[in-house]
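Enquirer: dropping a prediction and its sequence here:
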Amino acid sequence: MTASFSHHSGYHLLGNMVTLFFFGPGAFASLGARAFTTLYLGAGLASSAAHCGTSRNPRTPALGASGSINAVVAYGILLNPLALIVVFAEFLPIPMPAALYGALYIGRDVAAALGYTEVQLPFGLGRQFADLSVAHAAHVGGAACGVAAFLATRRRPGPWSRLR
């Protein structure tokens, strides 16, 4: 659990806090302080358990709040799947709906946790997208907590109610 409050580097901390800055306010506004804190801390526990349960060596440390952050990201994306997310790829802004961003963001960790480390491209080209030093299962465990929290609180009004 304490791993959620430590980071490997300043860049790791910065990346997590920038992500929390963009996805946290919507989740916080929807859940309230107590439920948001419960989600954040519960996802920290679940992500640590997922890491220990899937790691070849359970004593291998997993540092960072990424599992908790992924819970907030998953909740925020499900809360407003049509929100516009702007991703910068080599300084090129690429706008996309939150649902697509979430599929790519969390899907990469799911694929890596399942053992897929490269995207197979035509002509024998491949692109590595999974860093083997990253606790991908912890990210997936956190995201699963965010999905579970959304499903538990779905009775609240939101964009999904319009799809009925």
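Expert: Received, thanks.

Enquirer: my guess is residue 85 contacts residue 99, does it?
Expert: No. Applying C-beta atoms under 8 Å, one finds residue 85 not in contact with residue 99, separated by 9.4 Å. In short, each C-beta sits where N, CA and C put it, glycine included.

Enquirer: now do the SS call for the spatially most central residue of the chain.
Expert: In the chain, the residue lying closest to the centroid (C-alpha atoms, centre = their mean) is residue 70, at 2.3 Å. Secondary structure of residue 70, reduced to three states by DSSP: H, G, I helix; E, B strand; the rest coil: helix.

Enquirer: does it touch residue 139 like I think?
Expert: Yes. Using C-beta under 8 Å, residue 70 is in contact with residue 139, at 4.9 Å.

Enquirer: any common contacting residues for these two?
Expert: Common neighbours of residue 70 and residue 139, counting by C-beta atoms under 8 Å, 6 or more residues apart in numbering, are 47, 106, 109.

Enquirer: most surrounded residue in these?
Expert: Ranked by neighbour count (other C-beta atoms under 10 Å), the shared contacts of residue 70 and residue 139 have residue 47 at the top, with 32 neighbours.
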